[in-house]
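Asks: This is a predicted model, with the sequence first.
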Amino acid sequence: MLDTHVHTCLSPCGELDMHPAALVEAGIEAGLDAVVVCDHNSAENVAAVERAGRAKGLAVIPGMEVTSEEEVHVVALLPDTEAALALQSRVQRALPGKNDPDAFGMQVIANEHAEVLGFDEHLLIGATTLGIDAVVDGIHAVGGLAVAAHVDREGFGIIGQLGMIPDDLALDALEVSTRTPMNVARSNYGAATLPLLCGSDAHQPDQVGRGVTFMLMEEPSLSEVRLALAGLGGRAVLGGGRPMEDLLLHILDIVRNAIEAGATAVEIELTEDPARDLLAICVRDNGRGMDEATVARVTDPFFTTRTTRRVGLGLPLLTAAARAAGGDVTVESIPGKGTRVTATFQHSHIDRAPVGDIETTLLVLVAGSPEVDILFRHVVGGRDYELSSRDLAAALEGAALASPQGLALLRAAIRQGEAELAHEPGSERR
Amino acid sequence: MTVAEATERIGGVIVAGAVDAVGREIRGGYASDLLSDVLGNCHEGDLWVTMQKHVNIVAVAQLRELAAIVLVGGRRPDAPTLARAEAEHLPVISTDLPTFDVAGILYSLGIRGRRSV
């Protein structure tokens, strides 16, 4: 799980609190495997974030958010600090003007100990005189990957600035911001055939990890990201979303709990019932189960029996989200038999969080836990479809479910199921 | 007013589509540098004033059947933009004036923006 777009206090709009060590701590807190540190048109803080990451155990991929002449923001994912500094030198030669800290904010160069080393004097908020092609070529020339940033934003997004994505531009991926759910992004930008990422564009610590991309990789590094974006070597981009908001992403944490409790089969049921104004998410497992005292404590955000890292806040956050939308969470468990978690929501409630992306959720579950049988059922107004990871695996005749063919089959099955459901009126989700 | 006449009034130079500019009538004007905004809000036959010079401006102008593009602040289009504009018979004008002045001059000559209904 990566956040591919995080700023530091070097960006004029970044908060002073966002010094390298704070960024890394926030990334670990959010359960990330890696962050891409990318300030506007500068790489002065990349080395400090890398050192802070090494000290705390978070992978840091160097980067930069370059502003083209057309005012399109392009995030560069770079192999190392040297490449970042080489790109910086090329970018800043083409970056006119000096910063006015009173007008645009301070551009603080800091070390990993939260000490201020100096200020970048360039007008980082400005645009370079490099056309978008030159920016992408410049990123590739230093061995990097070029991602069109927040394509869903009118200002500084490539579609807003240029009306459309130029056919011959050698982009490696498109990024959507946290304002667009991944299922919506897929229908809006999927035709471009470029991989879709979600990044937080965090400028302060509590925003780190608010937008994430899930990739199937051996380790969180640029060379692995390159393979994942190209869909090579068994690596893949699984999807993305907002772990703090998207309801379905909370399931990832609940299923991980189930697996840690020895579950070998998990059933997930998503029910949308417009007639009863109900949204329900039910997760049932055949794990060890819990006694009554433990069940009573599991919705407490400070309680866990686990030591591994988490995705989202799991049950406590799901409970808060359900109660905010006129629903609740119930946990039923029988020791030795298993556990059932049911979250209900008033479907039309103004405070109901978005459902999130079914495709991302299931791909991450299957790729992350191929040994567990996952049954997913989506019920909309009495009609439904069902997917079983065991049936899909059988249809693959030997190939692994967590392989490119397996994931493609799963994706196709979800799309077919969703398309069939979409014919029924009242199946709209937001 | 034709594109060629307007070019003269704003002290511009036709850098592409000179032949097509002579007889082409301007029906209205639009000024914006966000191409998505232009796609959404301009009208057929508009003269479009912008500082963007990426080749996509030609695609936008073709799609919305604009009369011509005026590049402000002395901007000259790159070779791909020029070649595409020539191929599409789209006049492109370069002027040293900024957007505000170009729009002001054209407005005083009776060219108007047209509101979307």
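Replies: Received, thanks.
Asks: Relative to chain B, which residue of chain A is the closest?
Replies: A:Gly163 (3.1 Å; CB to the nearest CB). (C-beta placed from N, C-alpha, C; glycine too.)
Asks: Now do the same contact list for the nearest residue to A:Glu50 once chain neighbours are set aside.
Replies: Spatial nearest neighbour of A:Glu50, chain neighbours left out: A:Val60 (4.7 Å); criterion: CB to CB, 6 or more residues apart in numbering or on different chains. Going by CB atoms under 8 Å, 6 or more residues apart in numbering or on different chains, A:Val60 touches A:24, A:34-37, A:46, A:49-50, A:52-54.
Asks: Try it again at 10 Å.
Replies: A:6, A:20, A:23-24, A:27, A:34-37, A:46-54, A:81, A:220 (CB atoms under 10 Å, 6 or more residues apart in numbering or on different chains).
Asks: what separates stretch A:252-272 from the chain centre, distance-wise?
Replies: Averaging C-alpha coordinates over stretch A:252-272 and over its chain gives two centres that are 20 Å apart (CA atoms, centre = their mean, to the nearest Å).
Asks: What segments of chain B are helices?
Replies: Taking DSSP state H, the helices of chain B run over residues B:3-9, B:18-21, B:35-41, B:56-63, B:79-87, B:99-108.
Asks: From the contact counts, what lies against the longest one?
Replies: Pointing back at helix B:99-108 there. Here helix B:99-108 touches helix B:3-9, strand B:28-31, strand B:46-50, strand B:68-71, going by 3 or more CB pairs under 10 Å, 6 or more residues apart in numbering or on different chains; DSSP states H and E.
Asks: Can I get the last one in CSV, CA atoms only?
Replies: Meaning strand B:68-71. C-alpha atoms of strand B:68-71 as CSV (Å, rounded to 0.1, in the frame of the first residue of the first chain):
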residue,chain,number,x,y,z
ALA,B,68,-8.9,31.0,-35.0
ILE,B,69,-6.5,31.0,-32.1
VAL,B,70,-4.7,34.1,-30.8
LEU,B,71,-1.5,33.4,-28.8
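Asks: For that strand, which strands pair with it and how are they oriented?
Replies: strand B:46-50 (parallel), strand B:92-94 (parallel) (DSSP bridges).
Asks: and the first one, how far from the chain's centre?
Replies: Right, strand B:46-50. Strand B:46-50 has its C-alpha centroid displaced from the chain centroid by 4 Å (CA atoms, centre = their mean).
Asks: what does stretch A:206-213 give?
Replies: Counting by CA atoms, centre = their mean, stretch A:206-213 is centred 7 Å from the centre of its parent chain.
Asks: okay, how far is it across that stretch, tip to tip?
Replies: Stretch A:206-213 stretches 17 Å from its first residue to its last (CA to CA, to the nearest Å).
Asks: same check, this time on stretch A:102-118
Replies: 16 Å.
Asks: interface residues of chain A facing chain B?
Replies: A:68-72, A:131-134, A:154-169 (CB under 10 Å from any CB of the partner chain).
Asks: still on that earlier bit, pick out the shakiest of the helices of chain B, pLDDT-wise.
Replies: Mean pLDDT is lowest for helix B:18-21 out of the helices of chain B, coming in at a mean of 87.
Asks: Check what pLDDT A:Pro20 gets.
Replies: 96.
Asks: go on, the one 5 residues further on?
Replies: Predicted confidence (pLDDT) at A:Glu25: the value is 96.
Asks: Of the strands paired with strand B:68-71, which is nearest B:Leu63?
Replies: Smallest distance to B:Leu63 across the strands paired with strand B:68-71 (CB to CB): 11.7 Å, for strand B:46-50.
Asks: what is the orientation angle of the closest one with helix B:56-63?
Replies: 170 degrees (axes from the mean of the first three to the mean of the last three CA atoms, to 10 degrees).
Asks: Next, the buried residues of strand B:46-50.
Replies: For strand B:46-50, burial by neighbour count (16 or more other CB atoms under 10 Å in any protein chain shown) applies to B:46-50.
Asks: Kind regards, and thank you for your time.
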